[in-house]
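>>> Here is a sequence together with a model predicted from it:
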Number of protein chains: 2
Amino acid sequence: MTALTALKEASVSPRALTPRQLARRERIQAATFSMLARHGGEALSMKMIAQTAGVAERTLFNIYGSKDGLFASSARERSEETIAHVHQATLAMAEDCGGMAFFHALPRALADKTFEAPALARAFAPILVAHAGLVGMPEIYETYAGHALQRLQGNGLLSECDIALLSRLVCMSTVSTIILWAKHQIEDDALETQLRLAICQVLLPHAQAPLDAELRDEARRCIATLAQTSIGA
Amino acid sequence: MTALTALKEASVSPRALTPRQLARRERIQAATFSMLARHGGEALSMKMIAQTAGVAERTLFNIYGSKDGLFASSARERSEETIAHVHQATLAMAEDCGGMAFFHALPRALADKTFEAPALARAFAPILVAHAGLVGMPEIYETYAGHALQRLQGNGLLSECDIALLSRLVCMSTVSTIILWAKHQIEDDALETQLRLAICQVLLPHAQAPLDAELRDEARRCIATLAQTSIGA
């Protein structure tokens, strides 16, 4: 609870911070990212991060409450940035495929972000699950995937269903896929395809024509692609 | 590699062992199960297991090669027993729903096994992924789920596809679901439904009439059930 309260303070809008506080937050995030990528979460202490960021260890505890709170806040920032960017980019598209543009773009964006810093992504993967409540991934998906699902439903491409629940199922599928990748159960060259397949699988049961046929074809294409990559070998 | 070689020896057919060796193996497995449930894998040493089983620590290393090898062998035994039992039970059914009986029965069997010893299942979950190669889950699924998929295909209910790959996708989905449960991201009362949904999702893209409609209905029913349980709250 303390960590959660602290995290809420930590995720206060940047505009509410003074320039000095903002610069400090950025130093802390950068130090957390670089130290996590190098050492992993287990071996890392608040003291090490504080030293790298050039802040007092006490400051870290004041802002984030705990190591878990700091890691969760960093994981949240990184994930939300990626997903919000996909949301923005696909919103701006004139022809939005009735809401599917978000889901078409998401697998590539998540895979790109993962390979931008693979060691960091591996360090974050267990945090996404172990501290899911702190990270708030389901809420992030409810906001952005939920918006896309609503458009699909509004366009008659998705049958009547619980949008919040479906958003959470998309979240669980993509997080699971990234965890399997982090544990070397999905090869690098298969990650984007596995993410694409996972999303098709979640949407398919509720898809209405012509989306159902489109998703079915895409899922089959993904499976055919996977048969060519390492998983099929 | 040493662990893998040792593991193969460890999984030698029980009939090739003397009654004394067999009794020793059973003591080792029982000690591993009870100690894992109590302490988790991290805190547990080969020495602790050897003492509980009443064998020399050296014997454990001779048979299993390493702690990972011992845990993987135990995880494999427990998983394969469950899945092979579902296979046997559904094979014997006169009306086999063209191969679906296995997939209808699997979610319940996996959930029952999980709740039979939840602490043990939680301790095994990370091993299933971290040492997937040693545990050999994909091979277990290729054997048993693969057989059911072949029947479905033989009965024209599944389109032409790579059975081995589809078996592995079923494996990945069920393992992911159990990991999310182990990490408290899926509530107890939702586990069986989530497993059922995961299997529907994997099969749906390749399902032919009338299986496609059946799977779609079942997936929707699962989602409606989940909306009633904790995930929808």
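Looks like it came in fine. Numbering: from 1, shown residues only, chains lettered A, B, ... in the order given.

>>> show me the contacts for the most centrally placed residue in chain A.
In chain A, the C-alpha nearest the mean C-alpha coordinate belongs to residue A:79, at 3.7 Å (CA atoms, centre = their mean). Contact analysis of residue A:79 by CB atoms under 8 Å, 6 or more residues apart in numbering or on different chains lists A:128, A:135, A:137, A:140. C-betas here are computed from N, CA, C, even on glycine.

>>> Could you grab the helix/strand/coil label for residue A:120?
Classification of residue A:120 by DSSP: H, G, I helix; E, B strand; the rest coil places it in helix.

>>> Residue A:124 versus the closest residue to it other than its chain neighbours, what's the distance?
The spatial neighbour of residue A:120 that comes closest, neighbours along the chain excluded (CB to CB, 6 or more residues apart in numbering or on different chains), is residue A:37 at 4.0 Å. From residue A:37 across to residue A:124, the span is 9 Å (CB to CB, to the nearest Å).

>>> same question, residue A:30
15 Å.

>>> These two: which is more packed in?
Each of residue A:30 and residue A:124 has its neighbours counted (other CB atoms under 10 Å in any protein chain shown); residue A:124 has more, 25 against 13.

>>> Work out for me the element that one sits within.
helix A:118-130 (DSSP states H and E).

>>> going on from that helix, what's the next piece of helix or strand?
Sequence-wise, the next helix or strand downstream of helix A:118-130 (DSSP H and E) is helix A:132-135.

>>> Leaving out sequence neighbours, find the closest residue to residue A:84.
Sequence neighbours aside, residue A:144 is the residue nearest to residue A:84 in space, at 6.4 Å (criterion: CB to CB, 6+ apart).

>>> what residues are up against that neighbour?
With CB under 8 Å, 6+ apart, residue A:144 has these contacts: A:83, A:84, A:86, A:87, A:102.

>>> pLDDT and secondary structure added to the residues you listed, as a markdown table?
Converted to a markdown table, these look like this (pLDDT from 0 to 100; DSSP: H, G, I helix; E, B strand; the rest coil):
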| residue | pLDDT | secondary structure |
| --- | --- | --- |
| A:83 | 96 | helix |
| A:84 | 95 | helix |
| A:86 | 95 | helix |
| A:87 | 94 | helix |
| A:102 | 95 | helix |
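
>>> List buried residues within those residues.
Using 16 or more other CB atoms under 10 Å in any protein chain shown as the burial test, the contacts of residue A:144 include A:83, A:86, A:87, A:102 as buried.

>>> Redo those as TSV? Include distance to residue B:218.
Output for those, formatted as TSV (distance: CB to CB, whole Å):
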residue	distance to residue B:218
A:83	30
A:86	31
A:87	31
A:102	27
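
>>> right, and out of those, which lies closest to residue B:114?
Proximity of the buried ones among the contacts of residue A:144 to residue B:114, judged by CB to CB, is greatest for residue A:83, which lies at 31.2 Å.

>>> rewinding a little: which parts of whichever strand or helix holds the residue nearest to residue A:120 are buried?
Per DSSP H and E: residue A:37 is located in helix A:19-43. Within helix A:19-43, the residues that count as buried by 16+ other CB under 10 Å are A:24, A:25, A:28, A:29, A:31, A:32, A:33, A:34, A:35, A:36, A:37, A:41.

>>> Could you save these as TSV and add columns showing pLDDT?
Shown next, in TSV, are the buried residues of helix A:19-43 (pLDDT from 0 to 100):
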residue	pLDDT
A:24	92
A:25	91
A:28	95
A:29	92
A:31	95
A:32	95
A:33	93
A:34	93
A:35	94
A:36	92
A:37	90
A:41	87
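
>>> Just name the closest of those residues to residue A:209, please.
When the buried residues of helix A:19-43 are compared against residue A:209 (criterion: CB to CB), the nearest one is residue A:33, at 44.7 Å.

>>> Quick check: that closest one vs residue B:133, distance?
Applying CB to CB, the value for residue A:33 to residue B:133 is 30 Å.

>>> Check residue A:20 too.
Taken as CB to CB, the span from residue A:20 to residue B:133 is 50 Å.

>>> swap in residue A:143?
On the measure of CB to CB, residue A:143 and residue B:133 end up 38 Å apart.

>>> From the recorded domain assignment, give the ranges for chain A.
Under the assignment automatic domain parsing, the domains of chain A span A:2-67, A:76-232.

>>> Show the contacting residues for residue A:46.
A:57, A:60, A:61, A:67, A:70.

>>> Ok, residue A:201 next?
By CB under 8 Å, 6+ apart, residue A:201 lies in contact with A:173, A:219, B:201, B:202, B:204, B:205.

>>> number of nearby residues for residue A:59?
When neighbours are defined as other CB under 10 Å, residue A:59 has 14 of them.

>>> Wait, residue A:150 touches residue A:164, no?
No - in this structure residue A:150 lies outside contact range of residue A:164 using CB atoms under 8 Å: 10.4 Å.

>>> out of these two, which sits in the busier spot?
residue A:164 (18 against 14).

>>> Nearest residue to the more buried one in space, ignoring adjacent ones along the chain?
Residue A:164 sits nearest to residue A:142 (CB to CB, 6+ apart), 5.4 Å away.

>>> host element of that neighbour?
Per DSSP H and E, residue A:142 falls inside helix A:137-154.

>>> tilt between that helix and helix A:118-130?
90 degrees (axes from the mean of the first three to the mean of the last three CA atoms, to 10 degrees).

>>> okay, and the helix or strand of chain A with the least pLDDT?
helix A:2-10 (a mean of 47; mean pLDDT, DSSP states H and E).

>>> correct me, but the residue nearest to residue A:120 touches residue A:123?
Yes - under the criterion of CB under 8 Å, residue A:37 makes contact with residue A:123 at 6.2 Å.

>>> Return only those of the contacts of residue A:46 found close to chain B.
With the criterion set as CB under 8 Å from any CB of the partner chain, no member of these is near chain B.

>>> Filter those residues down to the buried ones and express that as a ChimeraX selection.
To isolate the buried ones among the contacts of residue A:46 in ChimeraX, judged by 16+ other CB under 10 Å, type:
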select /A:60,61,67,70
